[in-house]
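A.B. asks: how would this look folded up:
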Amino acid sequence: MAEPADRTSTAGQRLGAPESFGVSTLEPGLRPPTQPPGRQVSIRVQMLDDTQEVFKISQRSPGKVLFDLVCAHLNLTEGDYFGLEYQDQRKMTVWLDLLKPTLKQIRRPKNTILRFVVKFFPPDHTQLVEELTRYLFALQIKRDLACGHLICNDTSAALMVSHIVQSEIGDFDETQSWQHLLHNKYLPDQDVIRDKITDCHRKLVGQTPAESDYQLLEIARRLEMYGVRLHPAKDREGTKLSLSVAHTGVLVFQGYTKINAFNWSKIRKLSFKRKRFLIKLRPDPTQNAHHDTLEFAMASRDCCKIFWKICVEYHAFFRLFEEPKPKPKPILFTRGSSFRFSGRTQKQIIDYVKDSELKKVPFERKHSKILSNSSMSPQSSSFRSQVPKESAMSVLLADQPDSVRLAHQAESNGSDNPPAVTSSTNGFHDVPTAPGTDPTQSRQNHRSHELVPDQQLLNPGSPGSDDSPLGSPRVVVNGSGSVNDLGLGITGVLGPEGRQLSPLTSPLLTEAGYVRNDDEDEARRKFPTDKAYFIAKELLSTERTYLKDLQVITQSFQSAVGKDEAFPESTKNLISANYDPVYKFHQGFLKEVEQRLAQWEGRSNAHIKGDYQRIGDVLLKNVQGLRQLTVHLQKQSECLVELERACRSSRKAETLCRDFEQQRVCYLPFNIFLLRPLHRLLHYKLILERLCKHYPPTHEDFRDSRAALADISEIVVQLQGTMMKMENFQKLLELKKDLTGIDNLVVPGREFIRLGCLSKLSGKGLQQRMFFLFSDSLVYTSRGMTPSNQFKVHGQLPLYGMTIRESEEEWGVPHSFTLFGQRHSVVVAASCAAEMERWVEDIRMAIDLAEQSSGASTDLLSTSPSDHKLMEDGGVEEGSEEELCGSRSSLERQGHRGNTTVHVCWHRNTSVSMVDFSVAVENQLSGNLLRKFKNSNGWQKLWVVFTNFSLFFYKSHQDDYPLASLPLLGYSVTVPSESENIHKDYVFKLHFKSHVYYFRSESEYAFERWMEVIRSATCSASRSLPGTRKDLY
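C.D. replies: You can find the predicted model right below:
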């Protein structure tokens, strides 16, 4: 127990005692743990605020007694996130084992100081319920910054330090802030960025210490080195690496760059043998057996054991539902280690806090010179004392236009008590009300947003905005995205008995956290039910995604190549001149749509009057504005050609583009982003068609919608030819990166028709091959051995003079047909009758077009005359594997992604046509969905984007890059059956082999739209090409 000397007994006296520094016990709190009898020993513990406390324990006490004394001294409920570390006799930093006697671990207690520090770093700080816990985490971040453990860029570092300074000295004062930074060292190189720190601090006026802690953790958790403790190691080749462990699994670093990660779900066993640390992975059918075990050499056996122990504890804390039970003692011989994790798991902590009515305990902040709510009111448990006000406001205003945000900000400046904000939006989650208020009135007056943490995935950065609320700066985190100074607002939730839990506990967590009770009745906010509203909402969500895609071109790409002289200045200027005006126009368009939706939903200011329940007038105004951009849209095909020409003429320019495509922000091939403005015209046309179909002719919005549809249709017809040529050119360029052994794929007049898997009959039997059907030839390949798994060309069949015959009975192979070329024939088999029918129909159509064609026609998209003709005789195999791997094209494309549409078709044994690509372009969709895995209980809210036959998952629409993606080719989409016990509305199911995902939409309209667009990707499109495309051939 803490040293009682010179301590007063009452809380008020302790609060005012001058000798009480640091985090003090202001209330009785937890009872001290019982100790075994015996002589007592004094142990010194250094707290996170650098104060030292002395605790007396019995000689035979296990480590858990000392740890519980520290937590009781701090009145810390969520103490299991923390641990006690010390240096042993080998000068190695180790964690105190809570099950072993303390004095058996600490040989010289008088000369040893234990440090109370954070042991387990959760992926989302909103899972920390108590303000005291968040304060201790903030102290840990402060310490990590000062000692250089938390590596980040200068902008992120300056912003974090500004929040620390705000919590310690309060609002910005030029002299005081400068003096404080002179006398306090927060960063190793603080003097270099002192001006940045003061600039950031100047913008935090009015922010309380609790809010500063919240914002500090919000920024820190997005950094790649957050919570990382590096353990030096080497791989089998002797390369120096570092190992670390996180909530997701085991991480591998080279320097301070993460180069690999092994998720817990993929790890079968962790072990060590002498100096070797072994990671045994679950078998993967696509990998060889010797890849099953990974081996790392560490400095000694003790280093291996220390790292193995922390891995065991991290896995148990974040992945198990309860503390693992001790193994039974062996009768004769022991085998292996008896070490196990001791303490509550994260789920047990969250469940305990959820089920317990905890009293808010005040505490002192050692370094803070301002009086916080925690020390002012010991009995206070109000919303204001628990939730950072800035975060709550950012939640309320997350989706509102600037005018509404600024108006709300002006109103809030006159009041110290923000409204009691509760759970989430769009009819997804419960909307509890404060005690004593009318639930109906509360639902009408308050609306909030929630961002749900995903513990299985990496946390992305959220984009900032120049006109974001409260003037928060735009911050780049580690160069991989941007983060807003505002917190992610996680708002309050009611427990099962009607009491309010901490507003910082998310109502939806993954399996590592608690899952909200699905049996609770959902009090849904009353949103407009008119179908036109949901069509307008689809316009808003897809416009947000479209603007993000334009940012990839106008900001990310320009910054990647802008400073490099190897990239032609003319190409940069051409792209900038034709895409920047489009981006600026759609920025204004998005703001107008946001404002109209806010007014439609009743979120705007009360004094604004008028009938705003329509969207046709906004569309008409902006479609007319699009006419001014037609000249830029027509020149975008020239941008695509010039970019390809620059890459072909300069190897360094090609390397720049390839490296940019490896960045997370470029989640699709870059050329697809260049096509986005033309594809967006099709989306506007389809949205307006749905509006006109929905409205009766007498509706006030019908005339504007019909006029806008006429205008956009005219623009689409005008640009249709350019669009189709660009699509084909882009597809040929994309396939060129996937193929090796063919360097002149892009030639005038060649059109892509279909790609996919067929089995080729040879002397060795049926062998899987990848076939590519073009307007003049059929190319077949196999998956090569290049670093990016490119496909090696085996042969080619010219279509001119080819005949095709079904030959199932002749060869006895189901779904087989024979292709007779001028020089040789090939027997192939499809995976099913439908797949065979698609291939036969497309090949016959391509043969007809080849015979009608009088040769290659000149085209605007023609390549340079230095290109050579495609090989004409495919009867012989192409060059050896060594020659292919040594070719220029193979070496230059090593960085190409291995998860393109071609690779998905290979793994799922299917095919797609150019018609399918065109249909997928028209069926792009974005919006919020709730996702549930087959064996999980909770629903997780994600921002989902459907494009390019895949679903891309984000935490929110503000994120710069996706957390993960799910290719849909081969999946089936259905509605869950009764036996699956999914008792929710608007749920659809995605299924492929053993993989099952459930998705829940917010309305019937959204449910039908998601089903429609996903079916377009999971089912083959029309069997014949449109007449316009045939004309192009």
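A.B. asks: The residue nearest to Leu656 when sequence neighbours are not counted and Phe253, how far apart?
C.D. replies: Excluding the flanking residues, the one nearest Leu656 by Cβ to Cβ, 6 or more residues apart in numbering is Val561, at 5.2 Å. C-beta: built from backbone N, CA, C; applies to glycine. Counting by Cβ to Cβ, to the nearest Å, the separation of Val561 from Phe253 is 28 Å.
A.B. asks: So what are the structural domains in this structure, by residue number?
C.D. replies: 40-120, 228-325+339-351, 531-737, 741-854, 924-1017 (the TED database).
A.B. asks: Thr133 is nearest to which of the ones you listed?
C.D. replies: domain 40-120 (4.5 Å; Cβ to Cβ).
A.B. asks: Now do the closest one: distance from first to last residue.
C.D. replies: 30 Å (Cα to Cα, to the nearest Å).
A.B. asks: for stretch 917-930, same thing?
C.D. replies: Chord length of stretch 917-930, first to last residue, is 27 Å (Cα to Cα).
A.B. asks: Check Val493 and give its pLDDT.
C.D. replies: On pLDDT, Val493 comes in at 35.
A.B. asks: Revised request: answer the last question for Ile490.
C.D. replies: Note on Ile490: pLDDT of 31.
A.B. asks: any low-confidence regions in the stretch 751-900 of the chain?
C.D. replies: 785-787, 854-899 (pLDDT under 70).
A.B. asks: At which residues are the strands of it located?
C.D. replies: Assigned by DSSP state E, counting those that start in this stretch, the stretch 751-900 of the chain shows strands spanning 752-762, 765-774, 777-783, 791-798, 803-806, 816-820, 825-829.
A.B. asks: can you give me the angle the second one makes with strand 752-762?
C.D. replies: Per axes from the mean of the first three to the mean of the last three Cα atoms, to 10 degrees, the angle that strand 765-774 makes with strand 752-762 is 160 degrees.
A.B. asks: just to revisit the earlier point, ok, the residue nearest to Leu656 touching Asn573?
C.D. replies: No. Val561 is beyond contact range of Asn573, at 11.7 Å (criterion: Cβ atoms under 8 Å).
A.B. asks: higher neighbour count, the two?
C.D. replies: For the pair Val561 and Asn573, the greater number of neighbours falls to Val561 (20 against 10), based on other Cβ atoms under 10 Å.
A.B. asks: Contact partners for the more buried one?
C.D. replies: 567, 572, 653, 656-657, 660 (Cβ atoms under 8 Å, 6 or more residues apart in numbering).
A.B. asks: And it, how far from His699?
C.D. replies: Val561 sits 49 Å away from His699 when distances are taken as Cβ to Cβ.
A.B. asks: try Pro101
C.D. replies: Relative to His699, and taking Cβ to Cβ, Pro101 is found at 80 Å.
A.B. asks: just Leu681 next, same as before
C.D. replies: 25 Å.
A.B. asks: do Glu837 as well
C.D. replies: Applying Cβ to Cβ, the value for Glu837 to His699 is 44 Å.
A.B. asks: do the same with Arg931
C.D. replies: 36 Å.
A.B. asks: swap in Ile982?
C.D. replies: In terms of Cβ to Cβ, Ile982 sits 37 Å off from His699.
A.B. asks: go on, Asp530?
C.D. replies: As judged by Cβ to Cβ, Asp530 and His699 stand 10 Å apart.
A.B. asks: Using PDB, write down the CA coordinates of stretch 45-63.
C.D. replies: What follows is stretch 45-63, C-alpha atoms only, in PDB (Å, rounded to 0.1, in the frame of the first residue of the first chain):
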ATOM      1  CA  VAL A  45       7.300   2.600  -8.600                       C
ATOM      2  CA  GLN A  46       7.700   5.500 -11.000                       C
ATOM      3  CA  MET A  47       4.500   6.800 -12.400                       C
ATOM      4  CA  LEU A  48       3.800   8.100 -15.900                       C
ATOM      5  CA  ASP A  49       4.000  11.700 -14.600                       C
ATOM      6  CA  ASP A  50       7.600  11.000 -13.300                       C
ATOM      7  CA  THR A  51       6.600  11.000  -9.600                       C
ATOM      8  CA  GLN A  52       7.700   8.000  -7.500                       C
ATOM      9  CA  GLU A  53       5.500   6.200  -4.900                       C
ATOM     10  CA  VAL A  54       6.600   3.600  -2.400                       C
ATOM     11  CA  PHE A  55       4.500   0.500  -1.800                       C
ATOM     12  CA  LYS A  56       4.900  -2.100   0.900                       C
ATOM     13  CA  ILE A  57       4.300  -5.700   0.000                       C
ATOM     14  CA  SER A  58       4.900  -9.000   1.700                       C
ATOM     15  CA  GLN A  59       7.900 -11.000   0.700                       C
ATOM     16  CA  ARG A  60       5.800 -13.800  -0.700                       C
ATOM     17  CA  SER A  61       3.300 -11.600  -2.500                       C
ATOM     18  CA  PRO A  62       2.900 -12.300  -6.200                       C
ATOM     19  CA  GLY A  63       3.300  -9.500  -8.700                       C
END
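A.B. asks: Of all the residues in it, which ones are buried?
C.D. replies: 45-49, 53, 55-59, 61-63 (16 or more other Cβ atoms under 10 Å).
A.B. asks: List the ones among those that fall in strands.
C.D. replies: The members of the buried residues of stretch 45-63 that map onto strands under DSSP state E are 45-46, 53, 55-58.
A.B. asks: Widest-spaced pair of those residues?
C.D. replies: Gln46 and Ser58 (21.7 Å).
A.B. asks: Can you tell me the closest non-neighbouring residue to Trp811?
C.D. replies: Per Cβ to Cβ, 6+ apart, closest to Trp811 is Val827, 6.0 Å.
A.B. asks: Can you give me every residue that contacts the one you found?
C.D. replies: Contacts of Val827 (Cβ under 8 Å, 6+ apart): 760-761, 807, 811, 813, 816-819.
A.B. asks: Mind checking which of those residues are buried?
C.D. replies: Buried by 16+ other Cβ under 10 Å: 760-761, 807, 813, 816-819, out of the contacts of Val827.
A.B. asks: wait, which of those is closest to His632?
C.D. replies: For the buried ones among the contacts of Val827, the closest approach to His632 (Cβ to Cβ) belongs to Leu819, at 44.5 Å.
A.B. asks: looking at it, that closest one is touching Val840, isn't it?
C.D. replies: No. Shown here, Leu819 and Val840 do not form a contact pair, counting by Cβ under 8 Å, at 9.9 Å.
A.B. asks: any shared contact partners between those two?
C.D. replies: Contacts common to Leu819 and Val840, judged by Cβ under 8 Å, 6+ apart, are Ile804.
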